[in-house]
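# pasted the sequence and its predicted model underneath.
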Amino acid sequence: MMRILLLAALVATPLAAQTMPYDAVNPMIGTGGEGHTFPGATAPFGMVQLSPDTDATCSLRTCYGHAAGYRYEDPTIQGFSHTHFSGAGHSDLGDLLVMPVGGERVPLDPGDAKVPGSGYRSRFSHAGEVAHPGYYAVTLDDAQVRAELTAGTRIGVQRYTFANGMAAHLVLDWRSSLYDYPGKILWSSLHLRPDGTVTGMRETRGWAPGRKLYFAMRFSAPLTGHAFVDREDKVPYRGFQGPGRGSDVLDEKLGRALEARLDFGKLAKPLEVRVALSGVDENGAVANLDAEPGGFDATLAATQAKWQAALAAVAIDAPAPIRTSVYTALYHSLLAPSVWSDADGRYRGPDDQVHIAQGFTFRSTYSLWDTFRAEHPLLTLVQPESTTTDVVRSLLASRQESPDGILPVWQFAGRETWTMIGYHAVPVIADAYLKGLRGYDADAALEAMVASAEHRSYGGLGEYMARGYVPIDKEPEAASKTAEYAYDDWTIARMARAMGKTAIAERFEKRAGSWRNSFDARTGWLRARLSTGAFRTPFDPTAINYGSDYTEGNAWQYSWFAPQDIGGLIHLLGGDRRTVAKLDAMFDYDNSKLDYSKSEDIAGLIGQYIHGNEPSHHVAYLYDYAGQPWRTQERLAQIVASQYKPTPDGLAGNDDLGQMSAWLVFTALGFYPVAPGSGEYVIGRPFVDRAVLALPNGKTFTITAAGLSPANRYVGQVTLNGRPLAKSVVRDADIRAGGELHFTMQATPNRQWATARTARPYSMTPY
């Protein structure tokens, strides 16, 4: 309510003279190139992501570009499925694909995109597309159907307008999914209930093993006929159209390759289809459907109101292109972690058992290797505290229910994938605690963090604990793991120290310096070491190979990953001047003789700075640590101009469930959380003229930039609540207290501001 009132108050001011935040969002940004976002309908953090799939038949080798189902460059739509990742670097989901079909012929295969009419897929034009938060529409040219999509928290609603005089049908393809692993569908079912509700379930073996999903589907018009088909049967099953076979089910089909043809005859008005999902059972899906009543328009209005309130957390005044990019980035930052518990609190956990979330909403979909950096810190500022509390409690519940006894690594639909490295649920919890966010058992949280950090069988942790580094002859990607474990350990130490747990704090403070054990001071690179203690050779700092010394990167990116101890890193590099020279060498590197074409995640290159992947995301801010903040300002201008555009290909790399977007939101405001857990944001430079944060505690924090223009890209002066700010940081506590951060911009660098060692950001090691 506070954010709605704030937005209303701003309507009368010049700040709101532009379009409202909702209208500034363009969900098409990131749907082309390598952004991997989807344009369809979803509510903030919704369980349902109802979106078009332009190709859901891709193979293991070709699915990377279709990780979100939709790719802007494609000419056809295969159907509309109900689950999608936003910007993931891996494919899965695409559950419950539905496609309207008009006329007498109802094909049950999608057909060839190059052969119109060969299946149920249809050509479309971008000119007929409309995409807003919670709403998507498109005209299916071959099907002669106008399709509209909206979604609530646990439901998706479709509205199909068929051409006049055309018989209306739906194809429900329960076989379809993104990233079609061989034998992915373990089992599935379809049921027709006496009241006309269609329900079903399927269990899949894909990125997440043994994932179960249930649905319930209702229609605004009665069925005139149907067929449930198992495509593995030699004789297709034509369906049951006579009297009911019992009080619970009129018809059913079980198998691994199920489809449904649903017939409605000629309709006088559009067909509405309401679908709810559940991870628990079919009755849970039915209950979720009942919990969000109303048709298409009512659902759309409710979801639009939710998006208007969520986006009102940041009121932005800026030129239209950057305003669209930033508001769309904020929108993408509010899609995950998604709701996973049913309306009654039940959810299926990592142990494949049903649990009840008592007093919180269980959330899943955690790309933690990416999102601990900026996505989760952003949520602590722009969402109610209950959102972060739900996240922390969900992480803790997952750890309790995990057969392995550690916090999630990369989880979705309650299932663990073990993708990526580190134990980055730890900094998410520590950052929340150190910002004063409560509502969970802090002692249990610290115990879970320590247990995850001491789980010896995970990712070389036993070797790390014994040696102080992960040896490359025992564990792949050892240099990256050593550095990331050390940062996570530092956040444990910070939280333990704040809780008065001295013994734990001291143990993990020592471990937080372990990044040094993989840093070769002689050459100036973070490198993998052998069990003998020697650094592995041969060594090439530009080499990027999966399973090598580094994770989705090379020595150029990972040699900067000590966010808790940049002062120590500067010492090892030989001081400020050499640090700045190495940063410049990274951005200015000539890649003309390198071939990264086979490395899918290496995108958005500026020299050896790779903005399309996360290990580089904090690097531009490191000039602040070396006493040259004006160089950070220059690099940020370079990055924003080259990596973000308000167009379908406007993201340089996959969004990774909001991390690329959260980076832009923070950077546009003028600061960034280089080391979550430090309580500080490192100041860069703003890209908006004015922004007002409506904070979770009801206060507001305003950022203003006088004289901001393409020519005036440098910070001349910074004041906090009217007083000169000498340090190149703004504290989280200062933001939460409310007030104003004011930048005076100019055309030339200010080489005196925030250069002193006492004016630099936090570091474990003094400068």
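That came in fine, so what should we check first?

# what sits against the residue lying closest to V48 once chain neighbours are set aside?
Take V48 and drop its neighbours on the chain: the residue closest to it by C-beta to C-beta, 6 or more residues apart in numbering is G156, 4.3 Å away. Placement of C-beta: from N, CA and C, glycine included. By C-beta atoms under 8 Å, 6 or more residues apart in numbering, the contact set of G156 is A41, V48, L50, H82, L149, T150, R274, V275, A276, L277.

# which SSE is the third one in?
When elements are assigned from DSSP states H and E, L50 belongs to strand 49-53.

# could I have that strand exported to CSV, CA atoms only?
Extracted in CSV, the C-alpha atoms of strand 49-53 (Å, rounded to 0.1, in the frame of the first residue of the first chain):
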residue,chain,number,x,y,z
GLN,A,49,5.0,-18.4,-16.6
LEU,A,50,2.5,-18.7,-19.5
SER,A,51,4.5,-17.9,-22.7
PRO,A,52,4.8,-18.9,-26.3
ASP,A,53,7.3,-21.5,-27.4
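
# so which elements touch the very next helix or strand once past that strand?
As assigned by DSSP H and E, the chain's next helix or strand after strand 49-53 is strand 76-77. Applying 3 or more C-beta pairs under 8 Å, 6 or more residues apart in numbering; DSSP states H and E, one finds that strand 76-77 contacts strand 122-123.

# got the contact list for the strand it packs on?
By C-beta under 8 Å, 6+ apart, strand 122-123 touches P75, T76, I77, M99, P116, L140, D141, D142, A143, V145.

# just the buried residues out of the residues you listed, in PyMOL syntax.
For the buried members of the contacts of strand 122-123, the matching PyMOL selection, counting by 16 or more other C-beta atoms under 10 Å, is:
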select buried, resi 76+77+99+140+141+142+143+145
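
# TSV for the contacts of strand 122-123, including pLDDT and distance to Y433?
Shown next, in TSV, are these (pLDDT from 0 to 100; distance: C-beta to C-beta, whole Å):
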residue	pLDDT	distance to Y433
P75	96	50
T76	96	49
I77	97	45
M99	98	47
P116	90	57
L140	98	50
D141	96	54
D142	95	55
A143	94	52
V145	97	51
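
# and stretch 542-557, how far apart are its ends?
Taking C-alpha to C-alpha, to the nearest Å, stretch 542-557 runs 9 Å from one end to the other.

# which residue ranges of the stretch 151-300 of the chain form strands?
Here the stretch 151-300 of the chain has its strands, by DSSP state E, counting those that start in this stretch, at 155-162, 167-173, 185-192, 198-204, 211-219, 225-230, 251-255, 258-266, 271-278.

# dump those to a markdown table, plus distance to E454 and mean pLDDT.
Formatted as a markdown table, the strands of the stretch 151-300 of the chain follow (distance: least, C-beta to C-beta, whole Å; pLDDT from 0 to 100):
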| stretch | distance to E454 | mean pLDDT |
| --- | --- | --- |
| strand 155-162 | 42 | 98 |
| strand 167-173 | 46 | 97 |
| strand 185-192 | 34 | 96 |
| strand 198-204 | 33 | 97 |
| strand 211-219 | 29 | 98 |
| strand 225-230 | 49 | 96 |
| strand 251-255 | 45 | 95 |
| strand 258-266 | 45 | 97 |
| strand 271-278 | 36 | 98 |
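
# what separation do you get for the residue most central in space within the chain and T388?
Residue closest to the mean C-alpha point of the chain, counted by C-alpha atoms, centre = their mean, is L657 at 1.0 Å. If you measure L657 against T388 using C-beta to C-beta, to the nearest Å, the figure is 16 Å.

# so what's G604 up against?
Counting by C-beta under 8 Å, 6+ apart, G604 has contacts I610, H611, G612, N613, S642, Q643, A652, G653.

# tell me which of those residues fall in helices.
S642, Q643 (DSSP state H).

# report the two of the contacts of G604 separated the most.
N613 and S642 (15.0 Å; C-beta to C-beta).

# looking at those two, which one has more neighbours?
N613 (27 against 13; other C-beta atoms under 10 Å).

# now that one, nearest residue through space, not along the chain?
For N613, the spatially nearest residue (C-beta to C-beta, 6+ apart) is D601, at 4.9 Å.

# give me the number of residues near the one you found?
Neighbours around D601, by other C-beta under 10 Å: 21.

# what of N721?
N721 - counted by other C-beta under 10 Å - has 12 other residues nearby.

# surely it meets G739?
Yes: using C-beta atoms under 8 Å, N721 is in contact with G739, at 4.3 Å.

# for V729, see how far away G568 is.
18 Å.

# which ones are touching the residue nearest to N613?
G89, E552, G612, N613, G653, N654.

# which ones are touching the nearest residue to the last one once chain neighbours are set aside?
In this structure, N654 finds its nearest non-sequential neighbour in H36, 4.0 Å apart by C-beta to C-beta, 6+ apart. The contact partners of H36, by C-beta under 8 Å, 6+ apart, come to G30, G65, A67, A68, F85, S86, G87, A88, G89, N654, D655.

# before we move on, back to that, can you list the contacts of G604 in JSON lines and add distance to A24 and pLDDT?
What follows is those, written out as JSON lines (distance: C-beta to C-beta, whole Å; pLDDT from 0 to 100):
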{"residue": "I610", "distance to A24": "29", "pLDDT": "96"}
{"residue": "H611", "distance to A24": "23", "pLDDT": "96"}
{"residue": "G612", "distance to A24": "24", "pLDDT": "93"}
{"residue": "N613", "distance to A24": "27", "pLDDT": "92"}
{"residue": "S642", "distance to A24": "22", "pLDDT": "97"}
{"residue": "Q643", "distance to A24": "19", "pLDDT": "97"}
{"residue": "A652", "distance to A24": "21", "pLDDT": "93"}
{"residue": "G653", "distance to A24": "23", "pLDDT": "93"}
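
# ChimeraX command for the buried members of the contacts of G604?
This is the ChimeraX syntax for the buried subset of the contacts of G604, where burial follows 16+ other C-beta under 10 Å:
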select :610,611,612,613,643,652,653
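
# hmm, W187 and R211 touching each other?
No: counting by C-beta under 8 Å, R211 stays clear of W187, with 11.8 Å between them.
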